[in-house]
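> following is a predicted model, sequence given first.
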Amino acid sequence: MFNKILIANRGEIACRVAATARRLGIRTVAVYSDADANAKHVALCDESVHIGAAPAKESYLLAERIIAAARQTGAQAIHPGYGFLSENEDFAAACASAGLVFIGPPASAIRAMGSKSAAKALMETADVPLVPGYHGAAQDSAFLRAQADMIGYPVLLKASAGGGGKGMRIVERSEDFDVALASCKREAISSFGDDRVLVEKYLERPRHIEIQVFADMHGHCVYLFERDCSVQRRHQKVLEEAPAPGMTEARRRAMGEAAVNAAQAVGYVGAGTVEFIANQDGSFYFMEMNTRLQVEHPVTEMITGTDLVEWQLRVAAGEPLPLLQDELRITGHAIEARIYAENPEKGFLPSIGVLQHLQMPEAVQFTNGDVRIDAGVREGDAISPYYDPMIAKLIVHGRDRAQALARMAQALAAFEVVGPATNVAFLGRLIASEPFSTADLDTGLIERHHAALFPPAGEPSMAALALAVARLAMPKAVSNDPWAAPNGWRLAGGYVRKLGFACDGADIDLDLAYRRDGWQLQRAGAPALMTAVQIDGRQITLALDGARVQGCVVRAGDSFHVFHAGRHWVFDWSDPIAHAGEQESEGGRLTAPMPGKIVQLLVDAGAAVEKGAPLLIMEAMKMEHTISAPAKGRVAELLYAVGDQVAEGAQLLSFTPEEG
């Protein structure tokens, strides 16, 4: 076994690898960019080496600096995590040339599976079923369109070197093909440095099922059963679970054996995932093989009782697999939710900012470690525009799917984040939705049930409002000065304070009356008596008409974040003194929803456009976002050119709506 390894990654996966290494008595070396100097993964490792500037291409993607760091610190092996250089055959080969063990498959296996087109040709010879499509080298747009026409619409365009949902487009009609192909190629070259694509038949209501495989250097190869990753947005996974609901033993064996055949066809060693697209009738087709550990590997660990990072380390050190196929068993059910800094209500746009408050449900304890958090950030850390906006992975285990669902709902309700927008509330609705709870799964679930998953904002409860008012009205410290008492005493009588809040775009007007027996809140003529207010840091306990109310309230400027009864309410206080006379008007501005780069201008200055017409395309976090006309009108001025970097909130163009 190794004495010291370098972890060539960051965030939660670097923390995850470090945890297993520490348990095994292996020293660890972290690498970090300028943006990650104080990151959690750096603090968790025994040593750390600075490797460059914040952008990944100037740090985490510089193979020579990572190898130099390993040599400098005396590391014997490099664990690449996932993403970055984990599936880079040149990096794997460079590690071997430098006398370092690459904790992953051989470069030849990465090469064989690195091109989706070449991999599918290889799988055909290994008797692994394939989706109908074109996987060849010809990339002329007219030729690819002809192939799509022949396959029949809808078709799916996929970056040949892709992964993680990047460089994928669904095309419904022949006349839309060229625009979709151009967009797909732009995203592919940006994400992978390779704009080659393949064209496949797009299956209606498919499920995404993947098989975890593991091989050693002694000729053993096993499958650790399946994961269902069907629930996705923008072709990226949102929820994963194991085992797959409705999976029969015969189909599990067939898919597992096909996955092992795929791995053995390329002389695979280490952890890998063979991904299949499956019809509702149970038929399945090979999509791709990810030659690395996957983000969702914890659900497999939960149901098999294994530590796959430990398996990786042992196999890379030359040891045989810890268990063979007939020794592997499934116990219970596991579900993983990815907690992202993103805004589901705005098309899942990534969000950035400092984590001003972060409370994760470590306190939700069940037997046998059935709630697990894999996180690479702490309170006070920042979600930056340079890397994936993941905050944490929340993984739960139950004796069956029903119990796992209940535990996931409870754990999500205990997750509290203030700073960037998050998908926590959306995940709670998704878990509770009828299609997911009944396992009616397919990759279009979110789009098909969009209305139910994005309901209108509900009316905030008086309990949530009372918690916000308690934080606003009560002093931070108790004073012995009777004139500083927060009971609203007045020499000439009582005192009624007018309070104005905004929540989800709706104005809320309250009267707060100070009385001898407490504080009376009144909204729209409905009074409620608030008494026995106790404040302990961010935790507030009070009685509302005699009923006990408890919650966490975080104040950020004039915004009050209330976490109560599994909900997160944001009340924006309108301070009549601070905001007197303020007015705000955007006056035809269209602004950047987040930091990014302009990749295409779709109109000229002076152009007349209809409502919803695409105006420009910007790229942020390796994903494209289209800025559209908010109304019928005219583009007065374009303020940026293709290739320009823009900050969040920057005005991109001037737009004049049509009068009337």
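Looks like it arrived, so ask away.
> so who does Leu24 touch?
Contacts for Leu24 (Cβ atoms under 8 Å, 6 or more residues apart in numbering) come out as Met1, Glu310, Leu313. Heads up, the C-betas are built off the backbone N, CA and C, glycines and all.
> mind listing what's buried along the helix or strand harbouring the last one?
Assessed by DSSP states H and E, Leu313 sits inside helix 308-316. Within helix 308-316, the residues that qualify as buried are Leu308, Val309, Trp311, Gln312, Leu313, Arg314, Val315, Ala316, counting by 16 or more other Cβ atoms under 10 Å.
> pretty sure the last one is touching Val101, no?
Yes - in this structure, Ala316 sits in contact with Val101. The criterion is Cβ atoms under 8 Å, and the distance is 5.4 Å.
> between those two, which contacts overlap?
Joint contacts of Ala316 and Val101 (Cβ under 8 Å, 6+ apart) are Phe2, Ala77.
> what about the residue lying closest to Ala317 once chain neighbours are set aside, distance to Gly318?
Nearest non-adjacent residue to Ala317, counting by Cβ to Cβ, 6 or more residues apart in numbering: Met1, 5.2 Å away. Distance, Met1 to Gly318, using Cβ to Cβ, to the nearest Å: 9 Å.
> Leu405 now?
When Leu405 is compared with Gly318 (using Cβ to Cβ), they lie 41 Å apart.
> higher neighbour count, these two?
Taking other Cβ atoms under 10 Å, Leu405 and Gly318 do not tie; Leu405 has more neighbours (20 against 11).
> that one contacts Ser433, doesn't it?
No - applying Cβ under 8 Å as the test, Leu405 and Ser433 come out as separate, 10.8 Å apart.
> picking up where we left off before, tabulate the buried residues of helix 308-316 (a markdown table), appending distance to Ala463 and pLDDT.
What follows is the buried residues of helix 308-316, written out as a markdown table (distance: Cβ to Cβ, whole Å; pLDDT from 0 to 100):
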| residue | distance to Ala463 | pLDDT |
| --- | --- | --- |
| Leu308 | 44 | 98 |
| Val309 | 44 | 98 |
| Trp311 | 48 | 98 |
| Gln312 | 48 | 98 |
| Leu313 | 50 | 98 |
| Arg314 | 53 | 98 |
| Val315 | 54 | 98 |
| Ala316 | 54 | 98 |
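> out of those residues, who's nearest Arg292?
Nearest to Arg292 among these: Gln312, at 9.6 Å, using Cβ to Cβ.
> so what's that closest one up against?
His79, Ile103, Gly104, Gly270, Ala271, Leu293.
> ok, 7 Å please
Ile103, Gly270, Ala271, Leu293 (Cβ atoms under 7 Å, 6 or more residues apart in numbering).
> could you do Val199 as well?
Val199 neighbours (Cβ under 7 Å, 6+ apart): Gly133, Tyr134, Leu144, Gln147, Ala148, Ile151, Val155, Leu157.
> can you turn the buried part of those residues into a PyMOL selection?
Buried members of the contacts of Val199, defined by 16+ other Cβ under 10 Å, are picked up in PyMOL with:
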select buried, resi 133+134+144+147+148+151+155+157
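> hmm, who's touching stretch 239-247?
So stretch 239-247 is contacted by 209, 225-229, 231, 296, 299-300, 303, 330, 333-337, 401, 430, 439, 441 (Cβ under 7 Å, 6+ apart).
> quick check: buried residues in it?
In stretch 239-247, the ones that count as buried by 16+ other Cβ under 10 Å are Leu239, Glu240, Glu241, Ala242, Pro243, Ala244, Met247.
> quick one: terminal-to-terminal distance for that stretch?
With Cα to Cα, to the nearest Å applied, stretch 239-247 spans 17 Å between its terminal residues.
> need the helix or strand of this protein with the lowest average pLDDT.
Ranked by mean pLDDT, DSSP states H and E, the weakest helix or strand in the chain is strand 589-591, scoring a mean of 77.
> list the contacts for Gly606?
Gly606 neighbours (Cβ under 7 Å, 6+ apart): Arg634, Val635.
> kindly report the same for Arg538.
Listed by Cβ under 7 Å, 6+ apart, the contact partners of Arg538 are Cys552, Val553, Val554.
> scan the residues you listed and report the most crowded one.
Val553 (24 neighbours).
> beta-bridge partners for it, please?
Val562 (DSSP bridges).
> wait, it touches Ile540, no?
Yes - here Val553 reaches Ile540: they are 5.4 Å apart, a contact under Cβ atoms under 7 Å.
> excluding chain neighbours, what is closest to the most centrally placed residue in the chain?
Nearest residue to the geometric centre of the chain (Cα atoms, centre = their mean): Tyr340, 3.8 Å. Leaving aside its chain neighbours, Tyr340 sits nearest to Asn423 (5.0 Å; criterion: Cβ to Cβ, 6+ apart).
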